[in-house]
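A.B. asks: for reference, the sequence and a predicted model appear below.
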Amino acid sequence: MAYSDKVIDHYSNPRNVGTLDKSKKNVGTGLVGAPECGDVMRLQIEVDEATNTITDAKFKTFGCGSAIASSSLATEWLKGKTVDEALAIDNMEIVEELALPPVKIHCSVLAEDAIKSAISDYRVKNGLPALELAHH
Amino acid sequence: MLKLPIYLDNNATTPLDPRVLEAMMPYLTDVFGNAASRNHPFGWAAEEGVDYARTQIAQLIGCDSKEIIFTSGATEGDNLGIKGVFEMYAQKGNHIITTTTEHKAILDTCKHLEKIGGRVTYLPVDELGLISLEDLEAAMTPETILVTIMYGNNETGTIQPIREIAAIAHKHGALFMTDGTQAVGKIPVDVNADGIDIMAFTAHKMYGPKGIGALYVRRKNPRVKVTAQMDGGGHERGMRSGTLNVPGIVGMGKACELARLEMAADAARLSVMRDRLQAELMTMEETYVNGSVEHRLPHVANISFKYVEGEGLMMGVKDLAVSSGSACTSASLEPSYVLKALGLSDDLAHSSLRFGLSRFTTDEQIDYAINHVKEAVTKLREMSPLWEMHKEGIDLSKIEWAEH
């Protein structure tokens, strides 16, 4: 499997690896994937409630280089976006940015799921209805 | 200066020993004759090279040189041995016994025979990769014509109790065949002491060239015959037609001679290196050796690193040429069927690395490999949500994962 330079860069120097305090009301956590499928992503966002803006994002991923790169890229993109802007991130943008081959598109889908799942968790914590999450 | 990447995939293939190449060179240039040409010196010279090689090979496994049938490699040998017995002994029965952890060359050949009237029993293995002799005894029937069980496993290095298996097969009047691909040239294999009737092996796993192998077929006590699968000029006592690959054969002969002379010293040196590699890696938590540690080829270690994903791990150990699962099947994302047969979960099977050392492996290379793997595993675990959850004492099997 030949990886793109961008995948290798994110794999070698992953951005924003870590853990946010999930007990905080303004932190949303998404945990998607399954160990037996070979990918588990946990993506967290911290939201400034006054501006509805994502001030911090962290991830941890168990998976291949493309899964690690997809989640690393997602955290980079999330920071500074409003929650609504973050919801608009489409997995195909990740595919394009990282030049993922067809067999690795599911990694980008998982990253999109992780973003939506984290936002949904944040919404529920703040008294808003959960998002309807598409299950891939 | 250490040259990267470091080759530790010697169960897939070994480099050619320069002494083997030297022996082959004349047969790739001046001595080009067809070994079957009986009418002129070109043929005679080629035949002489082949005869000498046959003796060198026979000496390694303790057989007569007439019992060596040249093939293109172990896959062909496995096919010829099994299909050849199935056809030759059809009058006696149609039942074959093998194991679930054989190489695909054995398993797929058996599956083929099942489609054309054969009956095959696939014996399970225990968590160390060993078959149960009681299971074998219970599986034997009057129709059993062949028991074929590999000597040493290509993924884990586990060595089966060959002599005991042969005795059971013979007690019930069946032939005993073994796929000796990984064992021959690495540990002492003696067809008479071991009770082997048929054995496939190949040159490129013991520092010889690719494209040449041999099938040992016993001529005495009992006299075994296999039906040819390649028809033609009747070479190799009618069991395998086709012009002999003279340079390959000469190379295989030299490789076998070197193995006979250097095997003991190589095995002693490599097992120390292998044990050091394994012990160092095992200092990391949640690290497991796959297969038997006691009954194992001296140059092999198969190790799983829990909470690390296999493909990510392979990417992390880019300075090493190693396999994750078998080299033959790692193009697919399916976890190794051999490791699954040992009872490993999918994730542990996925996160395994197979280290295969060679005559040319150095201590410096092993030092580098130890640090490189440790760094990669540590980094990936720090990045793994599963590792964090494990560290927090969360039972991952109790979590409802969203399947995707």
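C.D. replies: Cool, got the structure.
A.B. asks: going forward, measure contacts and count neighbours with C-alpha atoms only.
C.D. replies: Noted.
A.B. asks: just the CA trace of the one helix or strand B:Leu113 maps to, in PDB.
C.D. replies: Assessed by DSSP states H and E, B:Leu113 sits inside helix B:104-115. C-alpha atoms of helix B:104-115 as PDB (Å, rounded to 0.1, in the frame of the first residue of the first chain):
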ATOM      1  CA  LYS B 104      -2.300 -22.800   1.200                       C
ATOM      2  CA  ALA B 105      -0.500 -25.100  -1.200                       C
ATOM      3  CA  ILE B 106      -1.700 -28.000   1.000                       C
ATOM      4  CA  LEU B 107      -5.100 -26.600   1.900                       C
ATOM      5  CA  ASP B 108      -6.200 -25.600  -1.500                       C
ATOM      6  CA  THR B 109      -4.900 -28.800  -3.000                       C
ATOM      7  CA  CYS B 110      -7.000 -30.700  -0.500                       C
ATOM      8  CA  LYS B 111     -10.000 -28.500  -1.300                       C
ATOM      9  CA  HIS B 112      -9.600 -29.300  -4.900                       C
ATOM     10  CA  LEU B 113      -9.600 -33.000  -4.200                       C
ATOM     11  CA  GLU B 114     -12.700 -32.700  -2.100                       C
ATOM     12  CA  LYS B 115     -14.500 -31.500  -5.300                       C
END
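A.B. asks: helix or strand next in line after it, which one?
C.D. replies: By DSSP H and E, the next helix or strand past helix B:104-115 is strand B:119-123.
A.B. asks: buried residues, stretch A:125-133. List them.
C.D. replies: For stretch A:125-133, a neighbour-count test (16 or more other CA atoms under 10 Å in any protein chain shown) marks A:Lys125 as buried.
A.B. asks: quick one: that stretch near chain B?
C.D. replies: No: contact of stretch A:125-133 with chain B (CA under 8 Å from any CA of the partner chain) is absent, the minimum separation being 11.2 Å.
A.B. asks: got the contact list for that stretch?
C.D. replies: The contact list for stretch A:125-133, computed with CA atoms under 8 Å, 6 or more residues apart in numbering or on different chains, reads A:Lys25, A:Asn26, A:Gly28, A:Asp113, A:Lys116, A:Ser117, A:Ile119, A:Ser120, A:Asp121, A:Arg123, A:Val124.
A.B. asks: now the two most distant members of these.
C.D. replies: Maximum pairwise distance among these (CA to CA): 20.8 Å, between A:Lys25 and A:Asp113.
A.B. asks: not counting sequence-adjacent ones, nearest residue to the closest residue to chain A within the stretch 301-404 of chain B?
C.D. replies: Using CA to the nearest CA, B:Gly312 is the residue of the stretch 301-404 of chain B that sits closest to chain A, at 4.0 Å. Closest residue to B:Gly312 apart from its sequence neighbours, by CA to CA, 6 or more residues apart in numbering or on different chains: A:Cys64 at 4.0 Å.
A.B. asks: pretty sure that neighbour contacts B:Gly316?
C.D. replies: No: at 9.8 Å, A:Cys64 does not count as touching B:Gly316 under the criterion of CA atoms under 8 Å.
A.B. asks: so where do the helices sit in the chain?
C.D. replies: No chain was given, so I picked chain A. Assigned by DSSP state H, the helices in chain A fall at A:5-12, A:65-78, A:83-87, A:91-98, A:105-125.
A.B. asks: can you look at chain B instead?
C.D. replies: Going by DSSP H, chain B shows helices at B:18-28, B:41-61, B:74-88, B:104-115, B:133-139, B:162-171, B:191-194, B:246-281, B:310-316, B:337-341, B:346-350, B:363-382, B:385-391.
A.B. asks: cool, thanks, talk later.
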